[in-house]
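Fold the following and give me the result.
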Amino acid sequence: MQEIPCAASGRQPVWPTALARTWPIALGYVPVGMAYGVLAGKAGLGALNVLAMSLLVYAGSSQLVAVGLFSAGASGLSIVATTLAVNLRHLLFSAAMAPLLRGWRKRELAAFAFGLTDESFALHAARFGRGDRDKGLTLAINVAAQAAWVAGTALGVALGDILGDGRAFALDFALPGMFLALLAGQLTGRSHVAAAVAGAALSLGAASCGFSGFGTLGAGLCGAALGLGVERWTNARQPS
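Just a heads-up that it's a prediction; the model follows:
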């Protein structure tokens, strides 16, 4: 498949290029955003509050967890603490991206960090690895991805009575399925495969023991460490 020229080359304007790069993410965000909108509406949140959460929080798994806790009558403090634990993996994203964003101003970094999700991280990591680090395109991709999420949320609010809880349409599988597809494109060597397999296995093990937040963070760190070890071992075996 032919690569879309990056906006920095001048052959493609920023927004059409961003939309072309983002459509695989949008295919996952719209249905899962619909599922969130349906569940949030059934939990008793008003339409404006449901949309405001997608605009101001913009964290799919945390939003779904927060809705479940709200529906169960949990306190505000427990909702904040739980969603914070769920999103601890963003510390790993930040550590991976920080060396690639040197020279960005603080407000640009803040805008980028707000729009960074699991899926956009995978997309940006692949782009940056190819040398495509155009700042305008990077931010435009984040905006386009969030627009898809908000659009899905709005559809879920509007069609809540028709969709039920969304499970009959497999809406709850769209997001992890799409993320796995993005991840598969980055498994280009033994170290990547080792990190992905180890991180996934440890994360699943931690989740089964009830440690989904800190467990995911620890699993990611262990997977990255194993991947680094495999890469160094592979390089050491190559003839000089």
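
Quick check: next helix or strand after the helix or strand of the chain with the lowest mean pLDDT?
Least confident helix or strand, the chain: helix 171-184 with a mean of 59, by mean pLDDT, DSSP states H and E. Downstream of helix 171-184, the first helix or strand assigned by DSSP states H and E is helix 190-208.

what packs against that following helix?
If you count contacts as 3 or more C-beta pairs under 8 Å, 6 or more residues apart in numbering; DSSP states H and E, helix 190-208 packs onto helix 212-237. Backbone N, C-alpha and C define where each C-beta goes, glycine included.

buried set for the helix it packs on?
212-213, 215-220, 222-224, 226-227, 230-231 (16 or more other C-beta atoms under 10 Å).

quick one, it and helix 190-208 angle?
In terms of direction (axes from the mean of the first three to the mean of the last three C-alpha atoms, to 10 degrees), helix 212-237 departs from helix 190-208 by 160 degrees.

avg pLDDT for helix 212-237?
Over the span of helix 212-237, the pLDDT mean works out to 77.

try stretch 118-125
90.

oh, and call the first residue 251 from now on, that's how I've got it
Okay, using 251 as the starting number, the last item reads as stretch 368-375.

I'd like the distance from that stretch to the chain centre, please.
Once both centres are worked out by C-alpha atoms, centre = their mean, to the nearest Å, stretch 368-375 turns out to sit 7 Å from its chain's centre.

CA atoms only: put that stretch into PDB for me.
Taking C-alpha atoms only, stretch 368-375 is exported to PDB below (Å, rounded to 0.1, in the frame of the first residue of the first chain):
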ATOM      1  CA  ASP A 368      -3.600   4.000  23.400                       C
ATOM      2  CA  GLU A 369      -4.400   4.000  19.700                       C
ATOM      3  CA  SER A 370      -3.000   7.500  18.800                       C
ATOM      4  CA  PHE A 371       0.200   6.500  20.700                       C
ATOM      5  CA  ALA A 372       0.500   3.400  18.500                       C
ATOM      6  CA  LEU A 373       0.000   5.600  15.400                       C
ATOM      7  CA  HIS A 374       2.400   8.300  16.400                       C
ATOM      8  CA  ALA A 375       5.100   5.700  17.400                       C
END
